[in-house]
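Engineer: take this sequence and fold it.
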Amino acid sequence: MDREKLLDPGKMIVQLTVGELDEIVKAVVTRALDNQPPAKLQYPLEQAAAMLNMKPYMLAQRCREKTVPYHRIGHLYFFTQEDLQEILAKSACGVRE
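Structural biologist: Below you'll find the predicted structure:
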């Protein structure tokens with residue numbers, strides 16, 4: 001067959017009902033979501049600081065002052081998603097009137 005005829009955007013090559021298309025899309029989306037890597041359990045200082053939009057030395061200083069939640073293994077600081085959420089919640093400003 002002629003390649004141009006196959007690539008014609010107006011030509012219908014498959015007939016599907018809306019229900020069949022819906023099932024195909026749901027299956028593909030479910031498979032994609034199932035194949036996602038698991039969420040990280042802990043973030044090192046540099047990544048956590050980047051996620052919080054701050055310099056690593058500032059976050060390390062707050063850890064030394066014990067003003068933010070963190071986990072420590074040896075001399076390294078680590079942060080869970082809950083730690084990061086708590087840090088953000090503590091830094092929220094109220095609404096001015």
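
Engineer: next one, pLDDT for residue 5 please.
Structural biologist: At residue 5, the model reports a pLDDT of 63.

Engineer: got phi/psi on the residue nearest in space to the middle of the chain?
Structural biologist: The chain has residue 39 as the residue nearest its centroid, 8.0 Å off, counting by C-alpha atoms, centre = their mean. The phi/psi pair for residue 39 (degrees, to the nearest 10) reads phi -70, psi 150.

Engineer: check residue 13 too.
Structural biologist: Backbone torsions for residue 13, taken as degrees, to the nearest 10, come to phi -110, psi -10.

Engineer: quick check: pLDDT value at it.
Structural biologist: Looking at residue 13, its pLDDT stands at 71.

Engineer: same check, this time on the one 4 residues further on
Structural biologist: Each residue has a pLDDT score; the one for residue 17 is 87.

Engineer: against residue 27, how distant is it?
Structural biologist: Residue 17 is 15 Å from residue 27, where distance means C-beta to C-beta, to the nearest Å. C-beta: built from backbone N, CA, C; applies to glycine.

Engineer: my read is that the residue nearest to the centre of the chain contacts residue 81, right?
Structural biologist: Yes. Assessed by C-beta atoms under 8 Å, residue 39 is found in contact with residue 81 at 7.1 Å.

Engineer: who touches residue 72 in this structure?
Structural biologist: With contact taken as C-beta atoms under 8 Å, 6 or more residues apart in numbering, residue 72 is in contact with 63, 78.

Engineer: so it sits in a strand?
Structural biologist: Yes. Per DSSP: H, G, I helix; E, B strand; the rest coil, residue 72 lies within a strand segment.

Engineer: who's it bridged to?
Structural biologist: Note on residue 72: beta-bridge partners by DSSP bridges are residue 77.

Engineer: got the residue ranges for the helices in this structure?
Structural biologist: Assigned by DSSP state H, the chain shows helices spanning 3-6, 18-34, 45-51, 56-64, 81-90.

Engineer: export these as TSV, with columns for mean neighbour count.
Structural biologist: Converted to TSV, those look like this (neighbours: other C-beta atoms under 10 Å):
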stretch	mean neighbour count
helix 3-6	8
helix 18-34	10
helix 45-51	17
helix 56-64	15
helix 81-90	13
